[in-house]
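1. sharing a sequence plus its predicted fold:
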Amino acid sequence: MTDFDSHLRKFQKELSAGTVSLALLAVLGAASEPMYGYQIAKRLERFGEGVLSGKQSALYPVLRNLGAAGLLDSHTEPSVAGPPRRYYHITDAGRAVLDEWSAAWRATRDSVDSVLEGLS
């Protein structure tokens, strides 16, 4: 692995930390009913183009953290095809944070894009 590769991986990891939380809130904010982890991961794969980078296991700690912060609620239901499933839904506080984070994301994205375009 070259230094370039390790720098890129570090950069991608740092970018991913906040964007996964935002993407999870966005998926659950748009959902019409509670979703379980695998459904959320599939939705992110379909619309997120690499937000999870193929690491579905990374989803669950983020869901737990968002729940601990009061941004998500969850409940467990039995499953006919395996272990019980934990279903997640966004709270009112989560919707408010989603609005704030979305605005911050757009402002940051626009600012960085302006700099990158200005340097081209």
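-> Received it, and whenever you're ready, just let me know what you need.

2. not counting its neighbours along the chain, what's nearest the most centrally placed residue in the chain?
-> For the chain, the residue nearest the mean C-alpha position is residue 20 (2.7 Å; CA atoms, centre = their mean). Counting by CB to CB, 6 or more residues apart in numbering, residue 20 lies nearest to residue 62, which is 5.3 Å off, once chain neighbours are set aside. Quick note: C-beta positions are derived from backbone N, CA and C, even for glycine.

3. give the contact list for the one you found.
-> Taking CB atoms under 8 Å, 6 or more residues apart in numbering, we find residue 62 in contact with 20-21, 24.

4. ok, so of these, who is nearest residue 14?
-> Within the contacts of residue 62, the smallest distance to residue 14 is 11.8 Å, found for residue 20 (CB to CB).

5. before we move on, the earlier item: which strands or helices does the host helix or strand of the residue nearest to the centre of the chain pack on?
-> Taking DSSP states H and E as the definition, residue 20 sits inside helix 3-30. Judged by 3 or more CB pairs under 8 Å, 6 or more residues apart in numbering; DSSP states H and E, the packing partners of helix 3-30 are helix 37-48, helix 59-68, strand 82-90, helix 92-119.

6. starting at the chain centroid, how far to stretch 68-81?
-> 16 Å (CA atoms, centre = their mean, to the nearest Å).

7. correction: stretch 78-93
-> Its chain's C-alpha centre and that of stretch 78-93 lie 17 Å apart, by CA atoms, centre = their mean.

8. and if you look at stretch 96-109?
-> The answer for stretch 96-109 is 13 Å, by CA atoms, centre = their mean.

9. so what touches that stretch?
-> Against stretch 96-109 from outside (CB under 8 Å, 6+ apart): 18-19, 21-22, 25-26, 29, 71, 90.

10. circling back to that earlier point, how about the contacts made by the residue nearest to the centre of the chain?
-> Shown in contact with residue 20 (CB under 8 Å, 6+ apart): 51-52, 58-59, 62.
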